[in-house]
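Trainee: Could you look at this predicted model? Sequence included:
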Amino acid sequence: MSSPKNPSAHDQLFQLAFNSAPWTHQTLYVMARLGVADLLADGPRGSDELAAATDSHPDALYRFCRAAAALGLFHEHPGRVFALAPLGEAFRTGGVAQFVTLNGAENFRAWVDVLYSVRTGKPAFDQIFHMAAFDFLDHNDEMRKVLHTMVGRGTVPPAIDLCDFSADTTLVDVGGSVGTLVAHVLRANPELRGVLQDLPTVVDGAPEVLHRQGVADRVEIVGRSFFEAVAPEGSTYVLSRVLHDWDDEQALRILGRVREAMGPGSRLLVVDQVIPAGDGFHPGKFSDLQMLVVLGGRERTIEEFRELLRRAGLTIRSVRGPEAMPTSPRTEALIEAVA
């Protein structure tokens, strides 16, 4: 007979299935979508008061808040009163709430038809919404704002700090959203200038981020698709969390535009998950499925990156993985390539 300290394989499997079931993620989604953690920022409040503030059914919201407290976001006090726990404070101030919101609505619905992706190799999102996810964002102001708020409030990939920018003159962040990464690098390198390139509807939110970080006077903002052209004359180009959004054909188009823009001595930095060999746990093996089901993209092994870059006329010079950052839970690698 198994014990709590020594659970059977069946018990472990049940716990895995239970913890990964929809109710866990969607409890977080309800908290994020209704902004419950924000409502608790000034102190404890009763669930009836929270329900009135969020136009929710009092008993239903109480039950979701109780579940969120069981997950560690809140402390529940007598009388159906809730207060922020440290996890709830982080949920309020970081980019995780936007991540949950983004993946709890339309993206979540795509997973209902996951077998479509398994059988066809195509994104289920397109099948359900009759358009690609990025096209959907172009038509949905609210979800686009959620995405770029997430990026603006989220963390910069720690892998970028493994790179020495002291010999650089201009950093071009291709597909850099609202400028969180370029601002981070420029703050650490006062002599460096930056170029931020993304779609016009995306870089609209960049000035606020760049001003807040004190680097707006050193960044040129370019509102243009990287499928059309990439800003020239950069000493270093960055594709951070970009290539995994796309299949190989589209990724080659992006890399081709970067290669065209690169001058003599330029380099490219790719920051993305790199899936290791073996059957051990790695987050990239799961974000790879998200890329397939929602976007039609993929996470890649280092050999797949090597071949992709070779086809684009680029050669990998170095790869630095998460083992170089033992204190970070992030698992992206930094790939440096040259023409």
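Mentor: Nice, thanks for sending it over. Residues are numbered from 1 along each chain as shown.
Trainee: Quick check: the gap between residue 103 and residue 287.
Mentor: According to Cβ to Cβ, to the nearest Å, residue 103 and residue 287 sit 11 Å apart. The C-beta positions use only the backbone N, C-alpha and C, and glycine is treated the same way.
Trainee: Now the common contact residues for those two.
Mentor: Common neighbours of residue 103 and residue 287 are not found (criterion: Cβ atoms under 8 Å, 6 or more residues apart in numbering).
Trainee: Now do stretch 269-279: everything it contacts.
Mentor: Here stretch 269-279 has contacts from 157, 159-160, 163, 236-244, 282-285, 287-288, 299-302, 305, 309, 319, 321, 331-337, using Cβ under 8 Å, 6+ apart.
Trainee: Where helices are concerned, which of those residues count?
Mentor: 284-285, 287-288, 302, 305, 309 (DSSP state H).
Trainee: which among those end up buried?
Mentor: Among the ones in helices among the contacts of stretch 269-279, the ones that count as buried by 16 or more other Cβ atoms under 10 Å are 284, 287-288, 302, 305, 309.
Trainee: Show me which pair in those residues is furthest apart.
Mentor: Spatially, the most separated pair among those is 287 and 309, at 20.2 Å (Cβ to Cβ).
Trainee: Name the helix or strand for residue 178, please.
Mentor: For residue 178, there is no enclosing helix or strand under DSSP states H and E.
Trainee: can you list the ones in helices among the contacts of stretch 269-279 in JSON lines and add distance to residue 23?
Mentor: Formatted as JSON lines, the ones in helices among the contacts of stretch 269-279 follow (distance: Cβ to Cβ, whole Å):
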{"residue": "284", "distance to residue 23": "26"}
{"residue": "285", "distance to residue 23": "23"}
{"residue": "287", "distance to residue 23": "22"}
{"residue": "288", "distance to residue 23": "24"}
{"residue": "302", "distance to residue 23": "37"}
{"residue": "305", "distance to residue 23": "37"}
{"residue": "309", "distance to residue 23": "42"}
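Trainee: For these, give me TSV that also has pLDDT and distance to residue 21.
Mentor: Shown next, in TSV, are these (pLDDT from 0 to 100; distance: Cβ to Cβ, whole Å):
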residue	pLDDT	distance to residue 21
284	90	23
285	93	20
287	93	19
288	96	21
302	93	34
305	96	34
309	98	39
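Trainee: Return, as residue ranges, the portions of this protein with sub-threshold pLDDT.
Mentor: The chain contains residues with pLDDT under 70 at 1-4, 148-155, 322-330.
Trainee: how about the strands of it, start to end?
Mentor: Remark: strands assigned in the chain by DSSP state E are 45-46, 74-77, 81-84, 170-174, 193-198, 219-223, 236-240, 267-273, 315-320, 332-338.
Trainee: Could you save those as JSON lines and add columns showing distance to residue 9 and mean neighbour count?
Mentor: Below are the strands of the chain laid out as JSON lines (distance: least, Cβ to Cβ, whole Å; neighbours: other Cβ atoms under 10 Å):
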{"stretch": "strand 45-46", "distance to residue 9": "43", "mean neighbour count": "17"}
{"stretch": "strand 74-77", "distance to residue 9": "33", "mean neighbour count": "18"}
{"stretch": "strand 81-84", "distance to residue 9": "37", "mean neighbour count": "20"}
{"stretch": "strand 170-174", "distance to residue 9": "46", "mean neighbour count": "25"}
{"stretch": "strand 193-198", "distance to residue 9": "47", "mean neighbour count": "24"}
{"stretch": "strand 219-223", "distance to residue 9": "54", "mean neighbour count": "18"}
{"stretch": "strand 236-240", "distance to residue 9": "40", "mean neighbour count": "25"}
{"stretch": "strand 267-273", "distance to residue 9": "29", "mean neighbour count": "24"}
{"stretch": "strand 315-320", "distance to residue 9": "36", "mean neighbour count": "14"}
{"stretch": "strand 332-338", "distance to residue 9": "32", "mean neighbour count": "22"}
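Trainee: and of those, who's closest to residue 19?
Mentor: Closest among the strands of the chain, using Cβ to Cβ: strand 74-77, at 18.5 Å.
Trainee: Give the pairing partners of the closest one; include direction for each.
Mentor: strand 81-84 (antiparallel) (DSSP bridges).
Trainee: Residue 339 and residue 259 touch, don't they?
Mentor: Yes. Using Cβ atoms under 8 Å, residue 339 is in contact with residue 259, at 6.4 Å.
Trainee: Nothing else from me, thank you.
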